[in-house]
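The sequence isn't on hand, but the structure is:
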């Protein structure tokens, strides 16, 4: 797993690398905060899914 944080846009990117098949398409995850929500975006082979997590006070 490789993590990259971009402080300009506040996005944390997570890439899963298969060490046995490094040229194979990798899973991409990203996380961003918007207000009380943490939004998780997942992408694989052109298919995108999103999850929203709300902060409970």
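It's in. The structure presented is a predicted model; accordingly, all values stated were derived computationally and were not measured. Numbering: from 1, shown residues only.

What score does residue 20 have for pLDDT?
Per-residue confidence (pLDDT) for residue 20: 87.

Next, it: phi, psi?
Main-chain dihedrals, residue 20, degrees, to the nearest 10: phi -80, psi -20.

so how far is residue 3 from it?
21 Å (C-beta to C-beta, to the nearest Å). C-betas here are computed from N, CA, C, even on glycine.

Over to residue 23?
Distance from residue 23 to residue 3, by C-beta to C-beta: 21 Å.

So which of the two has more stuff around it?
Between residue 23 and residue 3, residue 3 has the larger neighbour count (other C-beta atoms under 10 Å), namely 10 against 6.

Work out for me the element the more buried one sits within.
strand 2-6 (DSSP states H and E).

tell me what that strand is packed against?
strand 11-16 (3 or more C-beta pairs under 8 Å, 6 or more residues apart in numbering; DSSP states H and E).

Off-centre distance for the strand it packs on?
In terms of C-alpha atoms, centre = their mean, to the nearest Å, the gap separating the centre of strand 11-16 from the centre of its chain is 4 Å.

by contact count, what packs against that strand?
Looks like strand 11-16 contacts strand 2-6, strand 27-34 (3+ C-beta pairs under 8 Å, 6+ apart).

strand partners of it, parallel vs antiparallel please.
When sheet partners are counted by DSSP bridges, strand 11-16 sits next to strand 2-6 (antiparallel), strand 27-34 (antiparallel).

okay, those strands, which one's buried deepest?
Mean neighbour count (mean count of other C-beta atoms under 10 Å) peaks for strand 27-34 among the strands paired with strand 11-16, with a mean of 15.
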